[in-house]
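J.: Sequence first, then the predicted structure:
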Amino acid sequence: MVESLSQHGDWKGLQSLVMIEAERTVADKTSTEHRYYISSCKSIPAKTALQAARKHWGIENELHWVLDVVFREGDCRVRAGNAAENFAVMRHLSLNLLKSLKDTKLSIKLRRMSAAWDQDFLLRVLTAYPNVG
């Protein structure tokens, strides 16, 4: 089946294709969507493939929701040169720093606001990230 994919040679280690049929009902309207995935597993059980897809989208949705709601990423109008990519990197870095502060129960939004208003809190955020390498 993999060989039937015209670009199968472009993905090193490609062993299988997965199709997940997703059904969503909102109010009284139901829609169905087919999602396709590639895998390096020669044989992947359906349950395992579904769990992997759900985990991926759970992480993806959580990240994008935080960036959109807390950092208002969708409202950013920076477009020139590499500025949009640079701003995205800074938002991700900021989010990681805010998440790394484990000694508070504040939401990410309140952590961000506290870091802006309180220099001592900002210092805690900047020094809470574990050393890398």
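T.: Looks like it arrived, so ask away. Residues are numbered from 1 along each chain as shown.

J.: I'd like the domain boundaries of the protein, if you could list them.
T.: Here the domain parsing of the chain from automatic domain parsing is 1-44, 45-133.

J.: Out of these, which one sits most buried?
T.: domain 45-133 (a mean of 12; mean count of other Cβ atoms under 10 Å). The way it works is simple: take the backbone N, C-alpha and C, and place the C-beta from them, glycine included.

J.: taking the mean pLDDT, what do you get for that one?
T.: Domain 45-133 comes out with an average pLDDT of 83.

J.: Does C41 touch S16 like I think?
T.: Yes - with contact defined as Cβ atoms under 8 Å, C41 reaches S16; the gap is 5.9 Å.

J.: all helices for this structure, in order.
T.: 46-69, 83-100, 108-117, 119-128 (DSSP state H).

J.: Columns distance to Q7 on top of the ones you listed, output as TSV?
T.: What follows is the helices of the chain, written out as TSV (distance: least, Cβ to Cβ, whole Å):
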stretch	distance to Q7
helix 46-69	20
helix 83-100	26
helix 108-117	39
helix 119-128	43
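
J.: which one of those lies closest to A22?
T.: For A22, the closest of the helices of the chain is helix 46-69, at 9.0 Å, according to Cβ to Cβ.

J.: Show me what that closest one is in contact with.
T.: With contact meaning Cβ atoms under 8 Å, 6 or more residues apart in numbering, helix 46-69 is reached by V18, I20, R35, Y37, S39, E73, G74, R91, H92, L95, I108, K109.

J.: got JSON lines for these, with distance to I59 too?
T.: Putting those into JSON lines (distance: Cβ to Cβ, whole Å) gives the following:
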{"residue": "V18", "distance to I59": "18"}
{"residue": "I20", "distance to I59": "16"}
{"residue": "R35", "distance to I59": "16"}
{"residue": "Y37", "distance to I59": "15"}
{"residue": "S39", "distance to I59": "17"}
{"residue": "E73", "distance to I59": "17"}
{"residue": "G74", "distance to I59": "19"}
{"residue": "R91", "distance to I59": "16"}
{"residue": "H92", "distance to I59": "13"}
{"residue": "L95", "distance to I59": "13"}
{"residue": "I108", "distance to I59": "15"}
{"residue": "K109", "distance to I59": "19"}
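
J.: Nice, that's everything, thank you.
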